[in-house]
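Student: Got a predicted model here, sequence first, then my questions.
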Amino acid sequence: MPANPDRLRWRKSSYSTNEGGECVEVAEVSTALVAIRDSKDPHGPIVTVTPAAFADFVAYVR
């Protein structure tokens with residue numbers, strides 16, 4: 001994980017809205033790591049997982 005997560009290119013989920021609720025952002029840290037955070041709390045905790053684990057998560061929530 002880079003020392004400054006603000007330098008990552010965060011993408012908001014297409015299912016997220018500006019109405020509140022579930023808002024997820026993801027960023028590719030490297031070819032081996034994906035970062036996930038709550039867009040409502042951009043300075044809060046960040047979870048990192050492998051791309052394979054992230055793909056499994058996306059498949060599960062769809």
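Tutor: Looks like it came in fine.

Student: three-state assignment of residue 43?
Tutor: Judged by DSSP: H, G, I helix; E, B strand; the rest coil, the three-state class of residue 43 is coil.

Student: how close does the closest residue to residue 32 other than its chain neighbours sit to residue 39?
Tutor: Distances taken as CB to CB, 6 or more residues apart in numbering place residue 50 nearest to residue 32, at 6.5 Å, with adjacent residues excluded. To be clear about C-beta, it is placed using only N, CA and C from the backbone, and glycine gets the same treatment. Residue 50 sits 22 Å away from residue 39 when distances are taken as CB to CB, to the nearest Å.

Student: I figured residue 46 hits residue 38, correct?
Tutor: No - under the criterion of CB atoms under 8 Å, residue 46 makes no contact with residue 38, lying 9.2 Å away.

Student: Can you tell me the strand partners of the lowest-mean-pLDDT helix or strand in the chain and which way each runs?
Tutor: Every helix and strand of the chain was ranked by mean pLDDT, DSSP states H and E. The lowest is strand 11-12, at a mean of 88. Partners of strand 11-12 in the sheet, by DSSP bridges, are strand 24-30 (antiparallel).

Student: so for the partner strand, what's the average pLDDT?
Tutor: Throughout strand 24-30, pLDDT has a mean value of 91.

Student: Show me the contact partners of it.
Tutor: By CB atoms under 8 Å, 6 or more residues apart in numbering, the surrounding residues in contact with strand 24-30 are 1-2, 5, 8-13, 15-16, 34-39, 42, 48, 54.
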